Every structure is written in structure tokens, then in C-alpha cells.
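Participant: sharing a model that was predicted from the sequence below.
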Amino acid sequence: MIEVHALCKNYGLFQALRNISFRVDKGQVVGFLGPNGAGKTTTMRILTCFMPASSGHVTIAGYDVFKQSREVRKRIGYLPENVPLYPEMTVSKYLTYMAKIRGVPPRQRKARLDSAVEACGLTERRHQIIGQLSRGYRQRVGLAQALIHNPDVLILDEPTSGLDPRQIVEIRELIKSLGTERTILFSTHILAEASLTCERLLIISRGQITGDVLLSDGRAVSPEGTDASEKTIRLEIAGATTDEVLATLRDIPDVTTAEQVDTGTFHIQSAIETDIRAVVAETIVGRGWQLLEMRAVEMTLEEVFLSLTK
């Protein structure tokens, strides 16, 4: 649904985006993470036809963002960091107004309004003045305006920014439910939000994509682009001296490093695609030593993020 190739954006001599490329397939919920100033908002503004790029190629739902921007805008819903609301209007009147702007046919407007209000949990607030709503509900109204024309793609810029913990949970669950039917790309710099909402993370740092991370149950399972081209195994061994253990471990084929981390406890590393556990266990037991523990040491999402943005 979203394809970005060699995208660059310059502000005078400052290069905000440096030749970035990525793809988001239909039905994916993808987090766009990076430190403040990394280029997240700039990328999203280009994807939503808000600003032009300096160079590169972007397509959404098969349409060129630069040459077919009208067709692209029909197929995307955009929630900017600062939600564009009219505080003097009621929720229903504002969303009806947005439906007209988005080109929803008159006969479909009521149905689209009802659908967006229900999807965003605004049924009981639809006749309330927007200026009287809490920030969490205003954020819901912002999501509803992004949904009012039933787009294929949602692009959300910091959708939980400034919300309290309860509101964050509500918006997170809403995004997850919307992701069952749409492609969603949303930016954040909060790792916990990304891990609980997304199935994949794109990491950007200093205007470059530095990693593409697949998630499973909130854990990084494929930290592409990190320094984690090797996996680490923790061993607890008794019955041998430290020097004997280190010398033996370093002689095992495919072991790239071996080091002591505590008394009787060692870390070894091997290539990520190589499973050396059976050989390691056989070697240790064959020496007459006691293998008390063997387990993989996983990189936390925080470690992956820091590795990719250092």
C-alpha cells in the first residue's frame, strides 16, 4: 500500500531526509520510531501530500504522491500531531463538514458519520461542542475525521501525544481495532506504545532508516539493521576453571566470542542463523563438567532502539 524509494528532503543546506526507502503492505500496523528531530513528521507530511520532497519516489495504493496527489488524498486518512479541530462546532457538525470536504457523496454522509462515530467511541459525545471535550476525546474526533471517508490507509502523527495513561490505552486499543481493516503507519517515540500496538517497527535516525524490526508479543524477533547480527547464549558451568572453560568454548566451531560475565557464568556468541546449542552442550558434558544452565539472551526493544539510533 505504501512504497517509498530514495526519498530526500532538504531545507536549504540541511538534509532532513537522506535517501530513505521502505514498504508497508496492506493490513499492517507499523510504528515509525525515532528520536525527536529524526525526520518522522517530515516523512509523514510528504506521504500525505502536505509538502513536496526534494527527490525520490512515493506511491500509496498504487498512486504517485507527487503526480497523482488528488487520488492519493482520497485513499488516506491523516491525523497530524496538532489535530485540526474547530472548537466551536459540535462533533457531528464538524465530522459532517469534513465529510463534505473529503468528497463523501451526500447520500453516504450519514452512514459514514455514524460509522466513524461508533468506531472512535464518540456515540455519547456526538452532539457535544468540541471545545468542551477532554484531550482524549478531541484526539478521538481527530481520528474520526481521518476515517470519515473510509480510507485504505491511515497515517497518524504522534496520536497519543499529551494524553494521560487511561487515554493512551483507549487510543491504543482503537488503533489496533482499526488496523484489522486498514493499513496504518503511525509515528511515536514511546517504545511501550509501539510494542503494544504494532507488528513491525521502522526506525529512523538523523533522516535515515536505520532498522526494520518485526515484533512478536511486543518483543523484537527480527532486528534487521541492528548490530545484533549475532545471537548470545548464557551458560552456567561448574567443575572447571575459568581459563579451561573459555579456551574450550572459543574452540567450538561457529562460536565467535566467549567471555565470563560472573563466577561460573559465561556468554558466547554465534551467527544469528546458526544453532550451536547441541554442540556446546555435548562439548561441556564430554569434558566432565556440569552444565547448570543454557539459555538465549534476547535484546530488549529498548536495546534494539538504542543500537539503531546511536
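Facilitator: Structure's in. What do you need?
Participant: and Ser21, that one's in a strand?
Facilitator: Yes: counting by DSSP: H, G, I helix; E, B strand; the rest coil, Ser21 is found in a strand.
Participant: for Leu7, see how far away it is.
Facilitator: 7 Å (CB to CB, to the nearest Å). Placement of C-beta: from N, CA and C, glycine included.
Participant: the two: which has the busier surroundings?
Facilitator: Per other CB atoms under 10 Å, whichever of Ser21 and Leu7 has more neighbours is Leu7, with 25 against 13.
Participant: what stretches of the stretch 201-310 of the chain score poorly on pLDDT?
Facilitator: 218, 221-230, 272 (pLDDT under 70).
Participant: in it, which spans are strands?
Facilitator: Along the stretch 201-310 of the chain, counting by DSSP state E, counting those that start in this stretch, strands occupy 208-216, 219-224, 230-238, 255-262, 265-271, 290-297.
Participant: can you check the stretch 1-150 of the chain too?
Facilitator: Using DSSP E, counting those that start in this stretch, the strands found in the stretch 1-150 of the chain span residues 2-11, 14-24, 29-33, 55-60, 63-64, 76-79.
Participant: who's in contact with the residue lying farthest from the centre of the chain?
Facilitator: The centre of the chain is farthest from one residue, Gly288, which by CA atoms, centre = their mean lies 47.6 Å away. The contact partners of Gly288, taken as CB atoms under 8 Å, 6 or more residues apart in numbering, are Gly239.
Participant: and of the strands of the stretch 1-150 of the chain, who's closest to Ile203?
Facilitator: Across these, Ile203 has its closest neighbour in strand 29-33 (5.3 Å, CB to CB).
Participant: so which elements touch that closest one?
Facilitator: Other helices and strands packing on strand 29-33, by 3 or more CB pairs under 8 Å, 6 or more residues apart in numbering; DSSP states H and E, are helix 40-47, strand 183-188, helix 191-197, strand 200-205.
Participant: 6 Å - rerun?
Facilitator: When contacts are defined as 3 or more CB pairs under 6 Å, 6 or more residues apart in numbering; DSSP states H and E, strand 29-33 sits against strand 183-188, strand 200-205.
Participant: TSV please, covering those and showing mean neighbour count and distance to Pro106.
Facilitator: Supplementary listing: these in TSV, determined by neighbours: other CB atoms under 10 Å; distance: least, CB to CB, whole Å:
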stretch	mean neighbour count	distance to Pro106
strand 183-188	24	28
strand 200-205	22	39
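Participant: generate TSV for the strands of the stretch 201-310 of the chain, with distance to Tyr11 as supplementary columns.
Facilitator: What follows is the strands of the stretch 201-310 of the chain, written out as TSV (distance: least, CB to CB, whole Å):
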stretch	distance to Tyr11
strand 208-216	16
strand 219-224	29
strand 230-238	38
strand 255-262	43
strand 265-271	41
strand 290-297	42
